[in-house]
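Trainee: show me how the following folds:
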Amino acid sequence: MSETTRQLRFEIFRYNPEDADSEPHTDVFELEETPFMTLYIALNQIREKFDPGLQFDFACRSAICGSCAMMVNGRPALACRTLTSDLPDKICLYPLPVFKLIGDLSVDTGTWFRAMVERTEAWIHERLPFDPDATEERMSDDIAAAIYENDRCIECGCCVAACGAANIDSAFLAGAGLNRIARFQMDPRDQRTDADWFEVLASEQGVFACIGMMACEDVCPKELPLLDVYGYLRRKSLATALSSREK
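Mentor: Okay, here's the model as predicted:
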């Protein structure tokens, strides 16, 4: 006996902030579900069949670029890896909060991440001038594996959108920003000390501004261990603070 094909109802947020006549609203579209249908496939079908003006972002279709993140029934997720079979018949799609809206489901995550990189100076800091003839600095396998784990972040913005603190204060570094700090703080090639990081980590937008919901880890499509990252940074900050008091 064949299974009945589901009819999916999509309620999609629509608004173009560049158009003075545009007002925020939702449009409803209906599609017949097909095997292995993802939200990416569904959105492309909607754009091809019903509304070529629908705005959403995508690039890789492989959960690598992070472009297609959006709110799916109130939860941040990647459209390219979200199967409609895992969702109810009614699917509500909204743009990620916190980030600047470009239009419909498309947001500008790049500006936020660039500001975060500049603020945390997320690049290797050397004390000495670069010497091309110097011996390559080595690190242990455990440290290299830990750095690689943090570097798996695809900057999709899901953790930022899910973060209660970031929704209140967009300057909060959130999971992505704090994960980036941890990546460089544990890198032995970076010459910055724990004291150098303290002002960023202990600021009003640093690790102690987290309100403890840990929704960032729940929604991360790469399943990064952000709870461990927060614990690592808090221990580092507290140790730095206690050390400075003893001096």
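Trainee: setting aside sequence neighbours, what's the nearest residue to the residue nearest the centre of the chain?
Mentor: Using Cα atoms, centre = their mean, the residue of the chain that lies closest to the mean C-alpha position is Gly157, 2.4 Å off. Excluding its sequence neighbours, the residue lying closest to Gly157 (Cβ to Cβ, 6 or more residues apart in numbering) is Thr109, at 4.4 Å. For glycine as for every other residue, the C-beta is placed from the backbone atoms N, C-alpha and C.
Trainee: give the burial count for that neighbour, as a bare number.
Mentor: For Thr109, the count of nearby residues is 24 (other Cβ atoms under 10 Å).
Trainee: over to the one 4 residues further on?
Mentor: Under the neighbour criterion other Cβ under 10 Å, Phe113 is assigned a count of 21.
Trainee: then the one 3 residues further on?
Mentor: A total of 20 residues lie near Met116 under the criterion other Cβ under 10 Å.
Trainee: residues contacting it?
Mentor: By Cβ atoms under 8 Å, 6 or more residues apart in numbering, Met116 lies in contact with Ala122, Leu173, Ala176, Gly177, Arg180.
Trainee: so how far is Arg127 from it?
Mentor: Met116 sits 24 Å away from Arg127, going by Cβ to Cβ, to the nearest Å.
Trainee: do Ala63 as well
Mentor: From Ala63 to Arg127 the distance is 38 Å (Cβ to Cβ).
Trainee: likewise for Cys156?
Mentor: According to Cβ to Cβ, Cys156 stands 34 Å off from Arg127.
Trainee: how about Asp190?
Mentor: From Asp190 to Arg127 the distance is 10 Å (Cβ to Cβ).
Trainee: neighbour count: the two, which is higher?
Mentor: Applying other Cβ under 10 Å to Asp190 and Arg127 shows that Asp190 carries more neighbours, namely 18 against 6.
Trainee: isn't that one right next to Phe184, touching?
Mentor: Yes. If you go by Cβ atoms under 8 Å, Asp190 and Phe184 touch, sitting 5.0 Å apart.
Trainee: intersection of neighbour lists for the two?
Mentor: Both Asp190 and Phe184 are in contact with Ile124, His125, where contact means Cβ under 8 Å, 6+ apart.
Trainee: can you list the domain ranges for this structure.
Mentor: Domain assignment for the chain, taken from automatic domain parsing, gives 7-94, 108-246.
Trainee: who's in contact with Arg191?
Mentor: If you look again at residue 191, you'll see it is Gln, not Arg. Per Cβ under 8 Å, 6+ apart, neighbours of Gln191: His125, Glu126, Arg127.
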